[in-house]
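> Quick check, what structure comes out for this input:
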Amino acid sequence: MSQLTLDKLESWLWDSANILRGSIDSSDFKNYIFGLLFLKRANDVFDEEVETIMKRDGISREDAEEEPFFKLPAEARWDELKKVTENIGVALDKAFAAIERENTKHLEGVLTTTKFGDKDRLSDEVLQRLLRHFNQHSLANKDLYTPDLLGDAYEYLIKQFADDAGKKGGEFYSPTGVVKTIVQLIKPQPKNKIYDPTFGSGGMLIESAKYVAQLPDGKVGNNINVSLYGQEKNVGTWAIGKMNMILHNFVEADLRKGDTLTNPQHLENDSLMLFDRVIANPPFSQDAWWGLIEANREVQLDKEGKEKKSAPNYTKEVVDKHGRFQYGIPPRGYADLAFLQHMISSLKQDGKLGVVLPHGTLFRSGTEGAIREKILKEDLIEGIVGLPSALFYNTTIPASIWIISKTKPEHLKNKVIVIDASKEYKEGKNQNELTENNINTIVTTYNHFSLKQETVQPVSENFAKLIDVDAIFKNDYNLNISRYIDTSIVVDAVDLKAVQQKIIELEAQERAIDETLKELLSEIGL
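Numbering: from 1, shown residues only. All right, here's what the predicted structure looks like:
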């Protein structure tokens with residue numbers, strides 16, 4: 001088996017999707033491929049570690065198999081599963097259940113969320129082809145081009161499935177460019193506790209850790225010097241995120257299941273746990289977001305005798321025992337500022353948070369306008385970055401990055417950094433993309449204001465400004481970027497006299513050329 005490059009690995013994994021086409025929905029491919037990917041990787045790494053222990057300690061295979069941190073029971077061994085020809089799905093389900101049983105602390109409920117044993121969906125023939133396909137390459141560390149190659153390919157596949165699954169895929173994948181931008185704006189540090197309340201596939205937490213790894217003291221031995229925390233409502237997505245973390249060697253990441261708004265899981269003494277950095281891309285404008293009310297809505301009859309559920313009054317009925325909504329209860333149709341307030345409540349006094357929210361949160365009035373006013377009056381908003389449209393897989397609308405800081409430096413107090421990055425993108429066929437150059441432009445500009453770092457070129461007022469909060473108050477607390485940054489194209493004034501003089505000079509030059517041409521033609525007899 002040849003050593004895997006990233007391109008080869010990506011191609012190999014994508015080909016596995018082609019084997020599944022026609023058997024199951026494309027939006028479900030990820031669950032089956034990710035499960036088999038994890039199983040093959042676990043087997044190859046386990047065998048590699050056992051071989052190392054045998055050589056190092058001069059002991060038998062049987063004794064060496066007791067040593068690894070990760071336990072691989074007999075019924076989950078790849079060599080045995082390859083031999084199965086009937087009821088392959090059942091054998092795989094037993095293998096995953098056995099791995100969970102032996103590694104309860106880190107994998108309980110992760111691998112058994114996907115069922116392989118339903119023959120109406122996956123025949124023995126399809127599963128046998130999949131197992132043969134996954135047997136083509138070794139996923140042991142020594143056979144990977146880089147130790148993190150598999151995790152990178154994992155993220156590539158998540159992106160591909162987001163493309164393939166359309167709107168559904170966008171729920172669990174945040175474009176890499178957006179993730180990198182936010183991470184570089186909030187700048188996580190060694191020893192930080194980093195939290196994502198809607199962690200999806202884990203990309204924001206992983207990118208945060210990668211950022212820290214490049215800093216002085218960012219690593220302790222082979223481990224990155226951060227603690228990662230997250231919560232995810234969708235159980236299938238939570239399982240993918242857990243596997244993604246483990247494949248990136250973040251085994252100790254504290255990832256919980258459940259609805260963050262109605263049932264936050266990260267608590268200390270029944271109070272919200274506080275974090276150094278909070279980062280998220282919550283679902284845009286989630287409807288009916290307070291499940292405790294929605295589950296108990298009364299059914300009434302309309303004038304025609306048809307059943308309809310009553311619409312709850314969120315302002316009166318939402319009661320949060322954690323006191324997160326101190327700035328107001330967001331409307332039932334828009335959970336955006338509910339997520340933002342949860343994140344603010346989870347942030348340490350000297351911490352910083354970055355979140356992607358739909359553009360409407362900058363200017364919508366009513367309850368959201370009142371919440372925005374209170375957050376501005378508390379001087380929590382450090383920066384707003386307007387992003388290009390069509391960056392996300394589940395919507396074409398533009399979004400914005402909010403940077404929140406509870407303790408601003410003196411030069412930023414009662415001011416907000418506003419950046420219009422709507423034109424910073426590379427156009428794509430289906431989605432636009434933030435390139436490294438685009439990210440660098442945004443981050444360098446932000447640093448110019450936040451860290452007083454001088455940029456190579458002066459910051460254009462058509463791209464970014466430091467806005468006094470008083471100016472925002474005068475605009476009724478509206479943060480719409482176009483109110484503060486003129487995005488129109490500036491046309492230089494035309495000097496009509498100078499233009500007229502230039503025309504006269506050109507006409508004179510034309511007459512001289514004509515005379516010269518006549519003389520030349522005359523000399524040759526024409």
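> what's the weakest-modelled helix or strand in the protein?
Every helix and strand of the chain was ranked by mean pLDDT, DSSP states H and E. The lowest is helix 167-170, at a mean of 47.
> Next secondary structure after it?
Next in sequence after helix 167-170, counting helices and strands by DSSP states H and E, comes helix 176-186.
> May I have that following helix exported as CSV, CA atoms only?
Output in CSV follows, covering the C-alpha atoms of helix 176-186 (Å, rounded to 0.1, in the frame of the first residue of the first chain):
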residue,chain,number,x,y,z
THR,A,176,-13.3,27.4,6.1
GLY,A,177,-12.5,31.0,5.1
VAL,A,178,-15.2,32.3,7.5
VAL,A,179,-13.9,30.1,10.3
LYS,A,180,-10.3,31.2,9.9
THR,A,181,-11.3,34.8,9.8
ILE,A,182,-13.2,34.6,13.1
VAL,A,183,-10.4,32.7,14.8
GLN,A,184,-7.8,35.2,13.7
LEU,A,185,-10.0,38.1,14.9
ILE,A,186,-10.6,36.7,18.4
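> which residues sit against stretch 395-404?
Applying CB atoms under 8 Å, 6 or more residues apart in numbering, the contact partners of stretch 395-404 are 170, 178, 181-182, 185-186, 284, 340, 343-344, 347, 352-359, 361-362, 380-392, 417, 422, 446, 481. Backbone N, C-alpha and C define where each C-beta goes, glycine included.
> Tell me where the stretch 101-250 of the chain has helices.
For the stretch 101-250 of the chain, the helices defined by DSSP state H, counting those that start in this stretch cover 104-107, 124-134, 149-165, 167-170, 176-186, 203-213, 235-247.
> can you tell which of those helices is closest to residue 432?
Comparing the helices of the stretch 101-250 of the chain against residue 432 with CB to CB, the closest turns out to be helix 176-186 (9.1 Å).
> Let me know the angle separating the closest one from helix 149-165.
With axes from the mean of the first three to the mean of the last three CA atoms, to 10 degrees applied, the angle from helix 176-186 to helix 149-165 works out at 120 degrees.
> Please name every helix or strand in contact with helix 176-186.
Helices and strands touching helix 176-186, by 3 or more CB pairs under 8 Å, 6 or more residues apart in numbering; DSSP states H and E, are helix 203-213, strand 275-280, strand 347-358, strand 381-386, strand 399-405, helix 436-450.
> Could you spell out the sheet neighbours of the fifth one, each with its direction?
This means strand 399-405. Each strand paired with strand 399-405, and its direction, by DSSP bridges: strand 347-358 (antiparallel), strand 381-386 (antiparallel).
> follow-up on the earlier one: could the helices and strands packed on helix 176-186 go into CSV alongside distance to residue 103?
Formatted as CSV, those follow (distance: least, CB to CB, whole Å):
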stretch, distance to residue 103
helix 203-213, 20
strand 275-280, 27
strand 347-358, 32
strand 381-386, 41
strand 399-405, 37
helix 436-450, 37
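> and the ones you listed as CSV, adding mean neighbour count and mean pLDDT?
Shown next, in CSV, are the helices and strands packed on helix 176-186 (neighbours: other CB atoms under 10 Å; pLDDT from 0 to 100):
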stretch, mean neighbour count, mean pLDDT
helix 203-213, 24, 95
strand 275-280, 25, 98
strand 347-358, 21, 97
strand 381-386, 24, 98
strand 399-405, 22, 97
helix 436-450, 18, 95
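> And the ones you listed: which comes nearest residue 471?
Of all the helices and strands packed on helix 176-186, strand 381-386 sits nearest to residue 471, with 13.2 Å by CB to CB.
> Thank you, goodbye.
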